[in-house]
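>>> Sequence and predicted structure are below.
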Amino acid sequence: MNVVVTGSIATDHLMTFPGLFVDALIPDKLDSLSVSFLVDGLEVRRGGVGANIAFGMGVLGLRPVLVGAVGSDFADYRAWLERHGVDTASVHVSDSLHTARFVCTTDQNASQIASFYPGAMGLARTIELAPVGDRVGGIDLVVVGPNDPEAMVRHTQECRQSGIPFVADPSQQLSSMSGDDVIALIEGAAYLFTNEYEAALTESKSGWTSEKILDTVGTRVTTLGSKGARVERKGHAPIEVGVPAEQQKADPTGVGDAFRAGYLAGVAWGLEPEQCAQIGSTLATYVVETVGTQEYAFTPTEFVGRFEEAYGSDAAALVGVHILR
């Protein structure tokens, strides 16, 4: 099954300041603010929703096709993704812009000063999916993840016109979308992924009830944080899946992306929604336990063993056939 994952590709530059920002701020001089903070830590992490989802599918043994726009500084990141099973040949590279970058400094009070540079991400709107399909021998499913808004609309429209099933995953872009934009991105989707807050925001902005949304999307998947996930399909009873026990809580960033990767891996293997959600929840647990969205690792045997502990031997047998092959 050829799965194309569209979405943001970015790097995060995270710094820590061993003091408090507020100590350097003078309230009546904020209109001429000019401050510099000497930081004592810097972490550069690979990220971006599209890249995170593709990475997760890759480590589970699939070969997802990543589609997005990056800068000429992407070489090392490309090599990392390729080593972990991601097809990056359809990633557009700009000669003049840098890859999208999130730069954030956090003080001892957890206050943050941050900037997001979209850079080459804006060029994603120029990418057509048809040539991607020609290169890989057809497309079975497209993930429309958070990205340049015009790119998201273009990919969705192209999927509808070409009859390609697609996953609507507007995620953090929901807050800046109008109701018409939301409807344009989710109408006719084979799958709609959101968290609980985004699910409510989708209904509020679109003006559609939960029932109306189920009438227009094939499967609605809602992540529930530490409670797991809920899968809804018209005419079927909702399915709720819990999460495996965590060994530690290190960093929740990227948990939703990993869940999507695991769920879609199950879809690619032809598994039932319950097993898909269980795979997603297991993969998401690995992310919670590590710092960074793409720093987790496991062997196929370790994954299946942990899966079995959480969901039983029958479910593990169904999933293990694909992971242990």
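Nice, I can see it.
>>> partner strands of the lowest-mean-pLDDT helix or strand in the chain, parallel or antiparallel?
Counting by mean pLDDT, DSSP states H and E, the chain has its least confident helix or strand at strand 112-117, which shows a mean of 87. With DSSP bridges as the test, strand 112-117 is paired with strand 100-106 (antiparallel).
>>> Show me which positions of the partner strand end up buried.
Under the neighbour-count criterion of 16 or more other CB atoms under 10 Å, strand 100-106 has 100-102, 105-106 buried. Placement of C-beta: from N, CA and C, glycine included.
>>> same thing with stretch 140-148?
141-148.
>>> of all those residues, which two lie farthest apart?
Leu141 and Asp148 (20.8 Å; CB to CB).
>>> Strands of this structure, start to end?
For the chain, applying DSSP state E gives strands covering 3-6, 10-16, 41-47, 65-67, 69-71, 92-94, 100-106, 112-117, 141-144, 166-168, 191-195, 219-223, 229-233, 239-241.
>>> Quick one: residues in contact with the last one.
The one in question is strand 239-241. 224, 227-232, 273-274, 277-278, 281 (CB atoms under 8 Å, 6 or more residues apart in numbering).
>>> list the buried ones in that strand?
For strand 239-241, by 16+ other CB under 10 Å, it's 239, 241.
>>> For that strand, which strands pair with it and how are they oriented?
strand 229-233 (antiparallel).
>>> how many degrees apart are the partner strand and strand 219-223 in direction?
170 degrees (axes from the mean of the first three to the mean of the last three CA atoms, to 10 degrees).
>>> Give the buried residues for strand 229-233.
For strand 229-233, by 16+ other CB under 10 Å, it's 229-232.
>>> Tabulate the contacts of strand 239-241 (TSV), appending distance to Leu318 and pLDDT.
Output for the contacts of strand 239-241, formatted as TSV (distance: CB to CB, whole Å; pLDDT from 0 to 100):
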residue	distance to Leu318	pLDDT
Leu224	23	94
Lys227	23	92
Gly228	18	94
Ala229	18	97
Arg230	20	97
Val231	16	98
Glu232	21	97
Pro273	12	97
Glu274	10	97
Ala277	13	98
Gln278	9	98
Ser281	15	97
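>>> ok, so of the residues you listed, who is nearest Trp208?
Glu232 (13.8 Å).
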